[in-house]
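J.: attaching a predicted model along with its sequence, questions to come.
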Amino acid sequence: LVSRKKHPDNTVVDLKGVMMGDGQQRLVMGPCAVESYEQVLTVAKALKERGIKLLRGGAFKPRTSPYDFQGLGLEGLQILKKVADELDMVVISEIVSPADIETALDYVDVIQIGARNMQNFELLKTAGAVDKPVLLKRGLSATIQEFIHAAEYIVAKGNNNLMLCERGIRTYETATRNTLDISAVPILKQETHLPVLVDVTHSTGRRDLLLPTAKAAFAIGADAVMAEVHPDPAVALSDSAQQMDIPQFNKFVDDLLASGLYKG
Ligand code: PEP
Ligand code: MN
């Protein structure tokens, strides 16, 4: 069902009026984790000023260590919805349990399935059975073929509003947090008809690489780039090393526009 051979036309996903996959480049931005209403509002206002409506933020955080901040859960979803209603934004947030999908429908505009859950087949099936766009991230050590099979699980349940996100894979390289597999973008575009995003924050884990990798993503045909923005990354409860502050975010957008690879 996700194969380009069987369905040659691009899937365009309508995110409350923001199209994904229509040939225009998009940015999906926001904090790693929802920490407070004020935090999300500050970031959302900055995004809005640059015409960015796709607001990401984690309420359920799948952390490597059980002692790290696990997210605000339902309260986090409520904060995202409140800000989105006030500023007319589109909320993208990760759901980690099939039991939370139903609840999430009232709060999020896009259900994100994270790298660690790419092969959580019960979660894929549950997200595939609801009427809500899904953003599926590539697993930490998943091949492109496994990624495509995971996507198939969702569409097989009837949900065609699916987007794929390359977010870096595990390799022996330690200079970056993960290794951005940039050629996954054209491969996924050739093999499937789905929109393809590149998450530059989690693939690199390095603030200094966000701009060059975002340029590469757009140059190679990504429909959107995801990156994290926090009012004060130094005190962020997660991903402190790679989130941009607001001035850095504005410079990131300026530089992308100046490159001509992102049209705004
Ligand atoms: C995220 O986008 O918040 C996230 C945790 O990313 P990933 O699942 O790609 O690690
Ligand atoms: Mn993060």
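T.: Okay, I see it. Ligands and ions are numbered 1, 2, ... in the order given.

J.: for ligand 2, give me its nearest residue in the stretch 51-200 of the chain.
T.: G58 (6.7 Å; C-beta to the ion). No exception for glycine: its C-beta is placed from N, CA and C like everyone else's.

J.: quick one, what contacts that residue?
T.: 31-34, 71, 76, 93-94, 238 (C-beta atoms under 8 Å, 6 or more residues apart in numbering).

J.: likewise for T126?
T.: T126 is in contact with 98, 101, counting by C-beta under 8 Å, 6+ apart.

J.: report how many residues lie close to the residue of the stretch 151-264 of the chain found nearest ligand 1.
T.: Among residues of the stretch 151-264 of the chain, the one nearest ligand 1 by C-beta to the nearest ligand atom turns out to be R167. It sits 3.7 Å away. By other C-beta atoms under 10 Å, the residues close to R167 number 25.

J.: report the closest residue of the stretch 101-250 of the chain relative to ligand 2.
T.: Nearest residue of the stretch 101-250 of the chain to ligand 2, counting by C-beta to the ion: D239, 3.6 Å away.

J.: leaving out chain neighbours, which residue sits closest to P98?
T.: Spatial nearest neighbour of P98, excluding adjacent residues (C-beta to C-beta, 6 or more residues apart in numbering): T126 at 3.9 Å.

J.: could I get the average pLDDT for the helix or strand where that neighbour lies?
T.: If you go by DSSP states H and E, T126 is part of helix 121-128. Mean per-residue pLDDT for helix 121-128: 98.

J.: in the stretch 1-150 of the chain, which spans are helices?
T.: Applying DSSP state H, counting those that start in this stretch to the stretch 1-150 of the chain gives helices spanning 37-49, 74-87, 101-104, 121-128, 144-156.

J.: now render the ones you listed as JSON lines, adding distance to M19.
T.: As requested, these are exported to JSON lines (distance: least, C-beta to C-beta, whole Å):
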{"stretch": "helix 37-49", "distance to M19": "17"}
{"stretch": "helix 74-87", "distance to M19": "18"}
{"stretch": "helix 101-104", "distance to M19": "22"}
{"stretch": "helix 121-128", "distance to M19": "21"}
{"stretch": "helix 144-156", "distance to M19": "19"}
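
J.: show me which of the contacts of G58 are buried.
T.: 31-34, 71, 76, 93-94, 238 (16 or more other C-beta atoms under 10 Å).

J.: sorry, back to before: what's the angle between the helix holding T126 and helix 144-156?
T.: Angle, helix 121-128 to helix 144-156, by axes from the mean of the first three to the mean of the last three C-alpha atoms, to 10 degrees: 50 degrees.
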